[in-house]
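S.K.: Sequence below, structure please.
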Amino acid sequence: MELESVGTYVDEDGITYPMLLDGAPDKDGPAVHILDIEVHDWWTSLSAIDLESVLVLLRKQSTSPEFSRVGL
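M.R.: Just a heads-up that it's a prediction; the model follows:
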């Protein structure tokens, strides 16, 4: 999923990648789980639409066995 407001692509597992100009993920760039992003400006720069998309993704993940495995 494209998060245009922060130039980030997020896959269905919550892994974020820098977004290329065409909206594709830069799989050669740094990859980090969305919950591991500690940069305050990234979170506060999310548009309302992108924030809603992130919240929907996190809600879906919160019901998955992988999510409970990380102790959240």
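S.K.: what about the helices in the protein?
M.R.: Ranges of helices within the chain are 40-45, 48-62, 65-69, based on DSSP state H.
S.K.: which one of the ones you listed has the most crowded surroundings?
M.R.: Across those, averaging neighbours per residue (mean count of other CB atoms under 10 Å) puts helix 48-62 on top, at a mean of 14. Just so you know, the C-beta spots here come from the backbone N, C-alpha and C atoms, and that holds for glycine as well.
S.K.: contacts for it?
M.R.: Applying CB atoms under 8 Å, 6 or more residues apart in numbering, the contact partners of helix 48-62 are 1, 3-6, 10, 12-14, 34-35, 46, 67, 72.
S.K.: One more pass at 7 Å, please.
M.R.: With contacts defined as CB atoms under 7 Å, 6 or more residues apart in numbering, helix 48-62 is touched by 1, 3-6, 10, 14, 34, 46, 67.
S.K.: So for M19, which of the helices of the chain sits nearest?
M.R.: Closest to M19 of the helices of the chain, according to CB to CB: helix 48-62, at 11.3 Å.
S.K.: taking the mean pLDDT, what do you get for stretch 12-22?
M.R.: Mean pLDDT, taken over the full extent of stretch 12-22, equals 92.
S.K.: mind checking the end-to-end distance for that stretch?
M.R.: For stretch 12-22, the first-to-last residue distance is 19 Å (CA to CA, to the nearest Å).
S.K.: on that earlier part again, for the helices of the chain, give me CSV that also has distance to L20 and mean pLDDT.
M.R.: Putting those into CSV (distance: least, CB to CB, whole Å; pLDDT from 0 to 100) gives the following:
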stretch, distance to L20, mean pLDDT
helix 40-45, 18, 95
helix 48-62, 17, 92
helix 65-69, 27, 55
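S.K.: ok so, going back, could I have the buried ones of the contacts of helix 48-62 as PyMOL selection syntax?
M.R.: Selection of buried members from those for PyMOL, criterion 16 or more other CB atoms under 10 Å:
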select buried, resi 3+6+10+14+34+46
